[in-house]
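Novice: next comes the sequence, and after it the predicted model I'd like to discuss.
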Protein chains: 2
Amino acid sequence: MKLNQFAIMPVTPEQERIEMEQIQMIHERDLALPPVPFFHQLLINSFPEARTLNSGEERIAGLMATPEQNALVYLRTHDTISQQVFFNLYLQLLGFSPERDFSLNEPLAITPTVNLPAFTSSELNNNDMLHGWYQLLVTHNTTGQTFLDDLTSRGYFLAMVNNATVKKPIIFNGKAQAVYDTTQLIREVVYVESAQDTDHDGQRDLLKVEITRPLESNSHPVPTLYTASPYNQGTNDEAGEALTHDVTIPLTEKPAVNNTVADTLPTNRVVPAPRKVAGLTQTAEETMGNSFDYSLNDYFLARGFAVAYASEIGTKDSDGLRTTGDVEETIAATAVIEWLDGKRTAFTNRTDNVEIKAWWSNHHIAMTGRSYLGTLATAAATTGVDGLKTVISEAAISSWYDYYRENGLVIAPGGFPGEDADVLAEETFSREKQPGDYHRIKAKWQNALNQMTLDQDRTTGNYNAFWDARNYRKDVANIKADMLLVHGLNDWNVKPKNVGKLWQAIRDLPIAKKLILHQGPHVYINNLRSVDFTDMVNLWLTHELYDVDNHAETILPNVLIQDNAHAETWRVQEDWLAPENPETTFHFSPDTLSEANDPQPVQLGFSDQLPTKIFHYYAKHWDQWQTALVDDSNAMLAGHRLIFKTAKRAEPLIIDGHPNVHVRVAVNQNIGLLSLQLIDYGRFKRLTTSPVTLAGQAMDLGYHFKKESLREFELTRLSNYQLISKAHINLQNRDGLTTTKTVSPNVFYDVDIQLQPTHYNLLPGHQLGLIIYATDMEMTVRGNQPLFYTVDLKATNLQVPHLRH
Amino acid sequence: MKLNQFAIMPVTPEQERIEMEQIQMIHERDLALPPVPFFHQLLINSFPEARTLNSGEERIAGLMATPEQNALVYLRTHDTISQQVFFNLYLQLLGFSPERDFSLNEPLAITPTVNLPAFTSSELNNNDMLHGWYQLLVTHNTTGQTFLDDLTSRGYFLAMVNNATVKKPIIFNGKAQAVYDTTQLIREVVYVESAQDTDHDGQRDLLKVEITRPLESNSHPVPTLYTASPYNQGTNDEAGEALTHDVTIPLTEKPAVNNTVADTLPTNRVVPAPRKVAGLTQTAEETMGNSFDYSLNDYFLARGFAVAYASEIGTKDSDGLRTTGDVEETIAATAVIEWLDGKRTAFTNRTDNVEIKAWWSNHHIAMTGRSYLGTLATAAATTGVDGLKTVISEAAISSWYDYYRENGLVIAPGGFPGEDADVLAEETFSREKQPGDYHRIKAKWQNALNQMTLDQDRTTGNYNAFWDARNYRKDVANIKADMLLVHGLNDWNVKPKNVGKLWQAIRDLPIAKKLILHQGPHVYINNLRSVDFTDMVNLWLTHELYDVDNHAETILPNVLIQDNAHAETWRVQEDWLAPENPETTFHFSPDTLSEANDPQPVQLGFSDQLPTKIFHYYAKHWDQWQTALVDDSNAMLAGHRLIFKTAKRAEPLIIDGHPNVHVRVAVNQNIGLLSLQLIDYGRFKRLTTSPVTLAGQAMDLGYHFKKESLREFELTRLSNYQLISKAHINLQNRDGLTTTKTVSPNVFYDVDIQLQPTHYNLLPGHQLGLIIYATDMEMTVRGNQPLFYTVDLKATNLQVPHLRH
């Protein structure tokens, strides 16, 4: 077990003492005690569920101080505390077992990776123990929380929560603590009036916002975590499914165009005057019941942050139409920030125009969320809106073209063939859930949706004005908020290019920015055991939103990457996709990739067309198709793709960057597409594709508040290969994204194809492989056309950027 | 969508009015209003999240009254309410969509199954609407709760929760409502002193009990849901795994014995005198943090029930040793009931002997829980302990022999080969989690564990005194508590025999008893959409524990069975395994089962021994072995088992009972075992093996309290077969469970084998199949011995009990 922690703030002994007193773990007078009574006090204070001395001492007796004596007996029979005794108890309090995880004779020989304090003498004085206990409090236990968070969930802060004289927030080791009363949360709904009228009804759109805030925010202003989620008011799954496009259609020739983005979208953007305010109140008229909560937000709710969810234009109880990522959505997302920052009006209901201010807000706002939610956070950041201090953007889209298209092709997000901007718009248009409202807007919505179906242009797959309007990276120069980006290196829904290109775009901006890359697909990581993500976010948010000078910007690694080849391993880097990374070039010969440049005049071909029955089977079962594609002994796909492998590698290779394939290719018709997969070959145990639940509902996010399960990737999945990266290109787009050319049959073209950016630890004994194919059953259109591709190996190579050895 | 409800209590119009006033849905004066204002009032009261009239009316405007008018406009422009308008709104409030689920022109033609009130006239008067709204409140919505529970989760009862003058509990339609304050729950720990000393330390065992009770229990006594769970204080998974027995061992001959249960267990049962009580208090000294909660218990916590969890002898913070199901565990389970009933002592801690009574308890206790938890509930019921009014026993063991053994064989629970009583004891001996305590008890525990390994006797698999002491069915005559039994018909962990034999044993007892059989494996069902399980339990518990005369015993079906062949279908029966069910006999010829009695002098044989490589592969991959076993075209297992199938059936057959196989069999050695699987053959869509999550965290169990996900079995799993039932027998036990005989090589024996009891709807077009084999890779020992079995088909038949057509 490795408890990797990156959010521990180094503090001076004096500061440790002050903070230990502040959380009432010690009192000043305790320091004058002899060491054993002092230690006894620390132990007693670490069993908050025991409300009497005797009950606490029973708990102490449950710990072993030495191989023979329990801690209570030890304390009663000794007058000094040795390092060994200290560490024995330290480890047991963290949940380690002296039977299984360490020896009471030699606690420091513990194999799990855990934060341990250093002492200079073998007998500890009170200052040593104070330091040691401070470190204990900030150290992760075996169930994924700091010991202080564990104590919190057992009632440690109860007295301070209920003590009106305690000044809140309380910051410990640079992080806000759970001293807010989660039994008395205030829940209220307001309607923000946004400077837009996306449903063209002559009135500004009202946007429903659901706020949960601590009672204490009535007394002192608090920061807000704001999550914009078009899913929160419900989704129209059946309607979305009905709209899903058929992908079993042919690839067709498209006109040659010099600049695909030269078209313009009609703008009929009229912003009506604001409503006339008819009154002002501090009291909301509406509250809300059960809804989706992001557990990371809940964690901070207990720590004095308000949480706001808004579902955006076109969702239930709001006005407007869904637009799937254009500027109107961004305007709606920022309208809520402006209200939280005191610069925009909200009303208590949709009728009476009675204004309600976010009078409890400290005007410091962070946006959080994954996928579409993180996308809206990124979008809001690119406006430079005031009040938005930071975004924590997880698995976010940074350009919608990179979600639904690639290099002139319609490319589905992994697992969702046929989905497109219009499908997602329909799915999230939850005004449909309110029949009385939908009745009014239905015709307008159908028109808008039809227009979107046209504008997104599935016929060409071109990067046109529609997609250009959904590329947030054009506006990164506006960003003022600090950025914490999180993405899965195996996320084939929102592909890594989204975070890669954003990272490259913000790398040199004068803001603080951090990047965390994990080995998951499209998942949250705040429940992993092997990394203190929640603590990192706490350090970050306490800095950003409470203005605490905790050096979060220097303590947190700039780039933190989970290793794919070792369990529970996270590596700190200064950068990702660093331009200065060296590249290794691999050359091609039949079946083989090699660093030796020994060009051979060989041409290899493959047919994209499969026997009809096999085609239809694989079109349905992508997972089996993928397995067959990669397996060079598979007979079904023999002759239908080219596989090249290196020898088993003798040296490790840590790929870091965009692999690039230069290919000389011809096709027998005037259309063509190429797909590539970069593969780690070899039968090895690899990380599970998703985190495994280690303990259900094991972490309480406050005190009897909300729970989260403990999860971890395990190195137990025996597999023949692992996908490293992939790419797709329309051969008509060989000269760039915005230029389309004709393809002449049987003419060779030189094409450069950049694969999705990655970071991959290829261990010795593994083989690097590249697969060249055409139709991707999961992602491209599937025409099963009689296309035959020929690759000239001599003029084909693979460049792999990597870390210096 | 079928919203099957079985817990709706028929009430008179007068009673409906009284209850509607009691929950403040109407006030007496409202009845004098004209129909439209009356209806307006009902609607307004059904949007508790809106705190003002205007805000409420915005919600009303979100509903369509007619195809053209929203409800608010309708109310403002009409002075009567038609049935059609009423039903349109009724269905929308339940979550049905007029776009998708029903037509606003003809709401009563809705295809989903839903409870609808009947009216006599097309225009509704106030009494009609009162009746209709009452029915709405008790009807399930599309997200798995009654509309009243939905309103509750949106804050409906808030004012009554916080109103000290409201008399609690509030009962609506015979069920307790969530009017208790879940933000002020009291959590306390006590130590019950049990009349036993299982760790032989000269002191009675103290048992830790964790209680959560409403603040209101300080003012009026409340009933308790008590769940005994040896898992709650943690488990020793690694130690348990290390103890797991090797099952890749040969079957061996055992001595012939007339009565295997004639042995006796040594009894050194000494019960020390109780501790001397040193004081009395009403205040607990200890509380607790996060722990496992059963969401069904949480639901009732919000409805005025206290919830107690106890982890039994040998668990963390308690005394004693784990015994896996013997009388000591039962004594421990009942000790907690006795304390809740005022008849046993508990202390505030483990040291000071200060007594604390369950002074807040109304002495009405129910036990709940699944698996081991339900087993302890069953065990407690068989003592007839006072105070225990009912047990809701889910997937419970009724005899441990039926969990770890079968017909003289060691048989693993599905998925856990090598597990046994000792393994489970070690896994749950959570005193190990307290190193200071474990240090003291370790040697004693190892001795006890070693003894258990001997006593459980894996060598013979015999039903001996050890297992007889763990058979609760011997004591059913003591049962005074009413019994609600719940079991999965596809539960191969705790196999259906456990509930079947218990049901048969209690069928004629003078208690109320109910049985619910679902199509799941070893799962909870309180989150299913298709059945109102939680409401049934509420009706039951309100009757049992609040003494409300709601006729639960007659309203709830005696036997409720989920159909396997149709989605969301639950059938009411008077009985299960009814002795009067007719039987159909099937006769055997090669490959064929037939009702025609056309005996043929054919003997078929099969070898149990597999090629080593195949054996080891299947020993590891039981799922693939199972698929191969059933597939008569599978070459690997050809010659290694016999498969017989009927023709495709023309008539449906609803199997209900214990299928029985009479087989004449010989084996080539002096040992032998037979296994049987009864199979539904045919490539059809069948129910998913487990419920699918329809909506994560969709149900709030109170008001911003705890959440549960909504789940359902879906008829989407395309499969070639479905296991109906199975059985295993040691041929030495052919004359009965407690008699072992010798087996002479190559001598034919007539053996009757009762399969696990079941209820199975075999549709026309399906084939009934029986597989005769020996080694069961998942459940038996796996000797891979050169055993050859011969079956004489002429003297072999299958009897299938079924419902009358």
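Specialist: Yep, it's here.
Novice: so what touches stretch A:416-426?
Specialist: With CB atoms under 8 Å, 6 or more residues apart in numbering or on different chains as the test, stretch A:416-426 has contacts from A:236, A:239-240, A:243-247, A:314, A:322-325, A:372, A:400, A:404, A:410, A:412-413, A:449, A:452-453, A:456, A:458, A:466, A:470, A:493, A:622, A:778-779. (Glycine included, C-beta is placed from N, CA and C.)
Novice: for chain B, see how far away A:Tyr438 is.
Specialist: Distance, A:Tyr438 to chain B, using CB to the nearest CB, to the nearest Å: 7 Å.
Novice: that should have said A:Ala333, apologies.
Specialist: Distance, A:Ala333 to chain B, using CB to the nearest CB: 24 Å.
Novice: so what touches whichever helix or strand that residue is part of?
Specialist: Assigned by DSSP states H and E, A:Ala333 falls within helix A:327-340. The contact list for helix A:327-340 (CB under 8 Å, 6+ apart) reads A:190, A:192-196, A:198, A:205, A:207, A:209, A:224, A:226, A:228, A:308, A:310, A:312-313, A:320, A:323, A:344-346, A:358, A:361, A:363, A:365, A:367, A:376-377, A:379-380, A:382-383, A:385-388, A:469, A:472.
Novice: and the residues you listed, which of them are in helices?
Specialist: A:Leu376, A:Ala377, A:Ala379, A:Ala380 (DSSP state H).
Novice: is it correct that the third one is in contact with A:Arg473?
Specialist: It stands for A:Ala379. No: counting by CB atoms under 8 Å, A:Ala379 does not reach A:Arg473; the two are 10.7 Å apart.
Novice: between the two, who's got more neighbours?
Specialist: For A:Ala379 and A:Arg473, the more surrounded residue by other CB atoms under 10 Å in any protein chain shown is A:Ala379, and the numbers stand at 28 against 16.
Novice: if I pick the nearest residue to A:Asn490 once chain neighbours are set aside, what's in contact with it?
Specialist: Distances taken as CB to CB, 6 or more residues apart in numbering or on different chains put A:Pro521 closest to A:Asn490, at 5.1 Å, once the chain neighbours are dropped. The contact partners of A:Pro521, taken as CB under 8 Å, 6+ apart, are A:Gly414, A:Gly488, A:Asn490, A:Asp491, A:Trp492, A:Asn493, A:Thr689, A:Ser690.
Novice: so how far is B:Gln203 from the fourth one?
Specialist: Spelled out, that is A:Asp491. Going from A:Asp491 to B:Gln203 by CB to CB, to the nearest Å gives 58 Å.
Novice: give me every residue in the stretch 301-450 of chain A lying close to chain B.
Specialist: A:317, A:348-352, A:432-439 (CB under 8 Å from any CB of the partner chain).
Novice: again, only this time at 10 Å
Specialist: A:316-317, A:348-352, A:354, A:431-440, A:442 (CB under 10 Å from any CB of the partner chain).
Novice: sort out for me which of these are in strands.
Specialist: Those of these mapping onto strands are A:Val354, per DSSP state E.
Novice: just the buried ones from the residues of the stretch 301-450 of chain A next to chain B?
Specialist: Buried members of those, scored by 16 or more other CB atoms under 10 Å in any protein chain shown, are A:316-317, A:348-352, A:354, A:431-439.
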